[in-house]
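> A structural model of the following input is requested.
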Amino acid sequence: MKKGFSVQTIVAIGIGSALFVILGRFVTIPSGIPNTNIETTYPFLSLMGALYGPLPAALIGLIGHTLKDLTYGFPWWTWIVCSGLIGAVYGWATRKVDLKSGEFTKKAIIYFNVVQVIGHAVVWGLIAPTLDVLVYSEAASKVYVQGLSSTLLNSIAVGVIGTLLMKAYASTQTKKGSLKKD
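All right, here's what the predicted structure looks like:
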């Protein structure tokens with residue numbers, strides 16, 4: 001049995017982390033709630049989870065969010081950890097989806113979106129704000145509003161943009177059995 005990541009996966013983690021920083025820094029839409037935006041990073045992370053699995057997606061979320069926060073000056077470790085967790089959720093939710101085979105069925109889309117919404121509710125609605133209260137002594141009323149807002153906004157962004165990215169990627173791949181020898 002082969003151990004470790006392939007070179008392709010390691011490169012994907014590096015490039016994925018860099019794209020996470022770029023998207024997080026330059027392609028966000030303010031939501032009106034302090035420190036809470038409509039993010040394009042998480043739809044991208046969902047695609048990476050579908051292509052490479054839970055651990056690479058978790059690493060992309062961790063590394064990318066850390067580097068993004070460093071561009072603002074201070075890493076917010078509780079939410080960085082949660083970006084890694086949600087990356088793992090995306091990879092787990094798509095573990096039976098093989099986008100490289102050219103298939104992303106309606107059943108797979110529904111299953112992925114149900115799991116990602118539940119994942120967002122747990123990660124952003126519960127874990128992130130609870131850690132903020134415990135680690136940073138933040139006001140619970142503030143961080144739970146941010147967490148619930150992030151749950152809603154990220155669920156919608158991933159549900160729309162992430163699903164479109166995965167569908168678009170799958171449509172560029174050759175479907176199994178579609179090529180026949182003459």
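
> neighbouring strands for the lengthiest strand in the chain, and are they parallel or not?
When the chain is parsed with DSSP state E, its longest strand is strand 28-33. Its sheet considered, strand 28-33 pairs with strand 36-39 (antiparallel) by DSSP bridges.

> Pull the strand it pairs with out as PDB, backbone CA atoms only.
Presented in PDB, the C-alpha positions along strand 36-39 are these (Å, rounded to 0.1, in the frame of the first residue of the first chain):
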ATOM      1  CA  THR A  36     -18.400  38.200   8.100                       C
ATOM      2  CA  ASN A  37     -18.400  38.100   4.300                       C
ATOM      3  CA  ILE A  38     -19.900  36.200   1.500                       C
ATOM      4  CA  GLU A  39     -16.800  34.000   0.700                       C
END
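
> quick one: contacts of the helix or strand following it?
Using DSSP states H and E, the next helix or strand after strand 36-39 towards the C-terminus is helix 41-52. Outside helix 41-52, the residues within contact range by CB atoms under 8 Å, 6 or more residues apart in numbering are 9, 12-13, 16, 19-20, 23-24, 28, 56-57, 60-61, 64-65, 68, 83, 86-94, 97, 99-100, 112, 116, 154, 157-158, 160-162, 165-166, 169. Just so you know, the C-beta spots here come from the backbone N, C-alpha and C atoms, and that holds for glycine as well.
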